[in-house]
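Asker: sequence below, structure please.
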Amino acid sequence: MDVKVFDNDTEAGKYAFELIKQGMDNGAKVLGLATGSTPVTMYQAMVNSDVDFSNMTSINLDEYVGMSPDNDQSYRYFMQSHLFDKKPFKETFVPNGLAKDPEEETKRYNKVIADHPIDIQVLGIGRNGHIGFNEPGSPFDAETRKVPLTQNTIDANARFFENKDDVPRYAYSMGIGSIMKSKKILLLAFGENKADAVQKMIEGPVTNDVPASILQKHPDVVVILDKAAASKLSKK
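Answerer: Okay, the predicted model is just below:
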């Protein structure tokens, strides 16, 4: 793992975008993208740039089950408002939260990933070490599947909803096995509340109790942190 530490999330986001731009210059065509507050500064840097994404394909990590794409809490809505409406892509894939048959939807999405091998995958990390919605205990070889969200994740997401009872309990998530097939991975983490998870991911044992720890086994991972998220690392 190549660990980079920045003064703040704005500088870190700009650096992540520079790595994406370098990848595109070297032929990258497919980006695996993430939602949540963490990648917002990276998306801002992408939007503010003069880079053309119209030949690029994106594949998002996850979507809430039961959430329509025009709901302002859906991940499709997030991606449209933060990136796609401002920087059009050739193709953009997000799981269909309203799919009637979860098994068929996960098969469809796994085929999307197989047909569009991911060149650069962007990840955040949960406070419990999850990546995507691959919660502790998730198998390392899993593909896209419908997953129950842990109480930890529900509590963390509650700030985005008017009522805690409105927070979805299930999501479609790209599996760790699919994530690990990406050619390059950029993991971003900001804030003191991510410091424990970051320390375990980088310096702890590889265990599915900390799903992100499997990234130690990937050949090309860049971990992009602010000082607060890096504060518990022993190797400063």
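
Asker: and residue 99, how many neighbours does it have?
Answerer: By other CB atoms under 10 Å, 18 other residues sit near residue 99. Every residue, glycine included, has its C-beta placed from N, CA and C.

Asker: who's in contact with it?
Answerer: Residues in contact with residue 99 (CB atoms under 8 Å, 6 or more residues apart in numbering) are 105, 108, 172.

Asker: change it to 7 Å
Answerer: By CB atoms under 7 Å, 6 or more residues apart in numbering, the contact set of residue 99 is residue 105.

Asker: please apply the same query to residue 45.
Answerer: Under the criterion of CB under 7 Å, 6+ apart, the neighbours of residue 45 are 13-14, 17.

Asker: number of nearby residues for the residue nearest to it when sequence neighbours are not counted?
Answerer: Spatial nearest neighbour of residue 45, chain neighbours left out: residue 17 (3.8 Å); criterion: CB to CB, 6 or more residues apart in numbering. The local packing of residue 17 (other CB under 10 Å) involves 22 other residues.

Asker: what helix or strand is residue 17 located in?
Answerer: Secondary-structure assignment from DSSP states H and E places residue 17 in helix 9-25.

Asker: what comes into contact with that helix?
Answerer: 4, 6, 31, 41-42, 44-46, 49, 51, 119-120, 184, 186, 188, 190, 222, 224-226.

Asker: thinking again about what came up before, export the contacts of residue 45 to JSON lines and append columns for distance to residue 166 and pLDDT.
Answerer: What follows is the contacts of residue 45, written out as JSON lines (distance: CB to CB, whole Å; pLDDT from 0 to 100):
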{"residue": "13", "distance to residue 166": "29", "pLDDT": "97"}
{"residue": "14", "distance to residue 166": "34", "pLDDT": "97"}
{"residue": "17", "distance to residue 166": "32", "pLDDT": "98"}
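
Asker: list the buried residues for stretch 155-171?
Answerer: 156-157, 167-168, 170-171 (16 or more other CB atoms under 10 Å).

Asker: can you dump the C-alpha coordinates of that stretch into CSV?
Answerer: Extracted as CSV, the C-alpha positions of stretch 155-171 are listed here (Å, rounded to 0.1, in the frame of the first residue of the first chain):
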residue,chain,number,x,y,z
ASP,A,155,-26.5,4.8,12.6
ALA,A,156,-23.7,6.4,10.4
ASN,A,157,-26.1,7.0,7.5
ALA,A,158,-28.9,8.4,9.7
ARG,A,159,-27.5,11.9,9.5
PHE,A,160,-28.6,12.0,5.8
PHE,A,161,-32.3,11.2,6.6
GLU,A,162,-35.0,13.3,8.3
ASN,A,163,-36.1,10.2,10.3
LYS,A,164,-33.8,7.4,11.4
ASP,A,165,-36.6,4.9,10.5
ASP,A,166,-36.2,6.1,6.9
VAL,A,167,-32.7,4.7,6.6
PRO,A,168,-32.7,1.7,4.3
ARG,A,169,-31.8,-1.7,5.9
TYR,A,170,-30.5,-3.4,2.7
ALA,A,171,-28.3,-2.4,-0.2
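
Asker: I am finished for the moment; much appreciated.
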